[in-house]
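Need the 3D shape of this:
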Amino acid sequence: MKNMTNILEIKDLYVKVPEKEILKGLNLTIKTGEIHAIMGPNGTGKSTLASVVMGKENYQVTSGDILFDNESLLPLKVDERARKGIFLAYQNPEEVSGVTNSDFVRQAMKACTGKDINLFSFIRKYEKACKDLKMPDDLAHRYLNEGFSGGEKKRNEILQMKMLEPKFAILDEIDSGLDVDALRIVGENVYDMVNENLGVLLITHYERLLDYIKPDFVHVMINGKIVMTGGHELIEKIDREGYDWVKDELGLEIEDEEETRTHAILGSCAHAGKSNE
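Modelled structure (predicted):
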């Protein structure tokens, strides 16, 4: 039986924070099995897009829609979107005292699936994910991201992604702060996960990550919307010449905007699950 292709569609999306419009008519369609990379100057709305798709508060959608298999996500809260199969890995993951990594992930899996998670199966899967990502042996018993290096936090995000098996993963600058080895580990693990059941939206500034996670589509985002789409040749040209050529070719003035970066805990599922126990 052929797996169903899921579709995440962002339609003519306008979003603002108080007194400032950030997204200005953004359109994007992602299918499971596809990798989409979004690149663009700082402050153009890339992290805002990630937060809005996940349902983060403090952003007002003034027009447009976000559809998951033709169903609007806009009325749904963060944990409800997570249960649908949306996952967001943040650039700066939160630290949570008193909650171990393994408890957090198991609660998130339970909340997202609505089923009890067999402990033996969970441990086997968790240990394999740790091994794949070259995480320390004591990871399961450490508090969530507390005392972690930047690279450990990013790998821990990808570990959660491995365990939760979402339909769509949004990765917001997971390469920032990674050394060469950690970048390779993260990139190879993400790329190996992509199949007909998973689509990825990758937000990045750097070509180096895209050497490991090879996108099917590359989008340039300027002034709150996607202005150009291409393939790997687009990455190479941006790496050589920056974004001035895009501005000149399309007759754009790049607005000097500072994005508002406010983050929610990735595992809202886990917190919802705990509150319901």
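
pLDDT score for Glu57?
In the predicted model, Glu57 carries a pLDDT score of 87.

For it, give me the backbone phi and psi.
Backbone geometry at Glu57, expressed as degrees, to the nearest 10, gives phi -70, psi 170.

Next: the one 3 residues further on.
Dihedral angles of Gln60 (phi, psi; degrees, to the nearest 10) stand at phi -110, psi 120.

Bridged to the closest residue to it other than its chain neighbours, which residues?
Nearest non-adjacent residue to Gln60, counting by Cβ to Cβ, 6 or more residues apart in numbering: Lys16, 5.3 Å away. To be clear about C-beta, it is placed using only N, CA and C from the backbone, and glycine gets the same treatment. Following DSSP bridges, Lys16 is listed with bridge partners Glu21, Gln60.

ok, how many other residues are close to Lys16?
17 (other Cβ atoms under 10 Å).

Compute the distance between it and Glu57, please.
14 Å (Cβ to Cβ, to the nearest Å).

How about Thr32?
For Thr32 relative to Glu57 (Cβ to Cβ), the value is 27 Å.

Next: Arg124.
In terms of Cβ to Cβ, Arg124 sits 37 Å off from Glu57.

same deal with Pro166?
Distance of Pro166 to Glu57, given as Cβ to Cβ: 21 Å.

again with Glu165
26 Å.

neighbour-wise, which of the two wins?
A direct count of neighbours by other Cβ under 10 Å for Glu165 and Glu57 places Glu165 higher, at 16 against 10.

In terms of helices and strands, where is Ala37?
Ala37 belongs to strand 35-39 when assigned by DSSP states H and E.

how far does that strand sit from the chain's center?
Computed by Cα atoms, centre = their mean, to the nearest Å, the chain-centroid distance of strand 35-39 equals 11 Å.

Just the residues contacting that strand, thanks.
Residues outside strand 35-39 that contact it (Cβ atoms under 8 Å, 6 or more residues apart in numbering): 28, 30, 46, 49, 191, 194, 199-205, 210, 213-221, 226, 235, 238.

Thanks a lot, see you next time.
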